[in-house]
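A.B. asks: Fold the stuff below for me.
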Amino acid sequence: MLARVSAALLGVALFVGTASAEDTTIKFKLGWTTQGSDAAFFYAKDNGYFKEEGLNVVIDKGNGSGATVTHIMSGAYDAGFGDVNAIIQNASTKPEDAPVMVYMVWNQPPFAIVTKNGSGINTIKDFEGHTLGGAQGTPTTRLLPVFVQKNKLEGEKIKLSNMAPNLQEPMLIKGDIDAALVFNITSYFNLVLNNQDPDKDYKWFSFGDYGMDLYSNGVMVSRKLIASNPKAVAGLVRAINKGMIAVAKDQNAGIKAALNFDNQINVDVEKRRLQYSFDKLIVSPEMKEIGVGDVKDDRMTRAIGIVVEGYQLARTPAPSEIFSREFLPPRAERELTYTAN
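C.D. replies: Have a look, this model is predicted:
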């Protein structure tokens, strides 16, 4: 059952469950450089939510939401904000080392294909005969064959050009590629920073709208931390949940906390990114039904199947290896009401 981590893992947790969360230091890795969409973590720290739980949470910048998983697996970090699909990949081959997601944040997937108006691409069928630029190894690029298969496109007619992530938007703007395989929350604001209007001048095709109903980024923790100090994990989740609820109501306070963490951020852009995360990735009919932080069991099972197919994994991990709601606050405490301000 998805509600719990594996019996063996819980058994260890119960055995050492008397460990105190008091004065516990948790090294926490972000998914990327400082972004407004991470404001809940900074807000929780600035407002003493971690301290109330007896935690000293040390937050570091990240270098990719998939890399967060490997950093936790190596023991360099105890927890972080990263991609659940990367957990699935690693759990397939190293189930004893892969972290567990304990709080889903991006309920909707950010994987998308973006094209400039006038490119000749108006529907996904129009990808045929055009060149798509993708960064090798990123989920959007690696899952393209599954996207093609599910939507009955002729993949041999789609040309894929590999490039570094930072070249995608400049090459799209110049017309060197016809479309780019991106994370919407990253690409949208890369376009903004390049003086583009991503709403008026670009079309966006979200994987989630075309048979790729995947989950995405959330809070994950190491199996070691779950086993040695489940109280600390529960406290971490409670504190982050309080931060999420607060920032959903007051984005200015969230951005102030982000600025306290990194005074080099572009406040206007990062506030827009924070609001974009709520509009496009967090608030959904499912989130409103089950509360922020949770997932639906049947959808998670389907999502695992998509990733197993897309990455041609040899073993299909059980949902309980990927996500645990064991540490979630009660549903009433996860009622998120978003008001743009």
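
A.B. asks: Show the contacting residues for the spatially most central residue of the chain.
C.D. replies: What sits nearest the mean C-alpha location of the chain, by CA atoms, centre = their mean, is residue 217, with 1.5 Å. When contacts are counted by CB atoms under 8 Å, 6 or more residues apart in numbering, residue 217 is found next to 31, 65, 81-84, 105-106, 110, 281. C-betas here are computed from N, CA, C, even on glycine.

A.B. asks: For it, give the beta-bridge partners.
C.D. replies: Going by DSSP bridges, residue 217 is paired in beta bridges with residue 83.

A.B. asks: Helix or strand: which one has the spatially closest residue to residue 30 that is not a sequence neighbour?
C.D. replies: Sequence neighbours aside, residue 62 is the residue nearest to residue 30 in space, at 4.0 Å (criterion: CB to CB, 6 or more residues apart in numbering). For residue 62, there is no host helix or strand (DSSP states H and E).

A.B. asks: just to revisit the earlier point, list buried residues within the contacts of residue 217.
C.D. replies: Neighbour counting by 16 or more other CB atoms under 10 Å classes 31, 65, 81-84, 105-106, 110, 281 among these as buried.

A.B. asks: Restricted to strands, list these.
C.D. replies: 81-83 (DSSP state E).

A.B. asks: Turn these into a markdown table, including pLDDT.
C.D. replies: A markdown table is the format used below for those (pLDDT from 0 to 100):
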| residue | pLDDT |
| --- | --- |
| 81 | 96 |
| 82 | 93 |
| 83 | 92 |
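
A.B. asks: still on that earlier bit, ok, the residue nearest to the centre of the chain to residue 129 distance?
C.D. replies: 33 Å (CB to CB, to the nearest Å).

A.B. asks: what do you get for residue 276?
C.D. replies: 31 Å.

A.B. asks: got a pLDDT number for the residue nearest to the centre of the chain?
C.D. replies: The predicted structure scores residue 217 at 95 on the pLDDT scale.

A.B. asks: quick one: it from residue 200, how far?
C.D. replies: 27 Å.

A.B. asks: Ok, residue 255 next?
C.D. replies: 25 Å.
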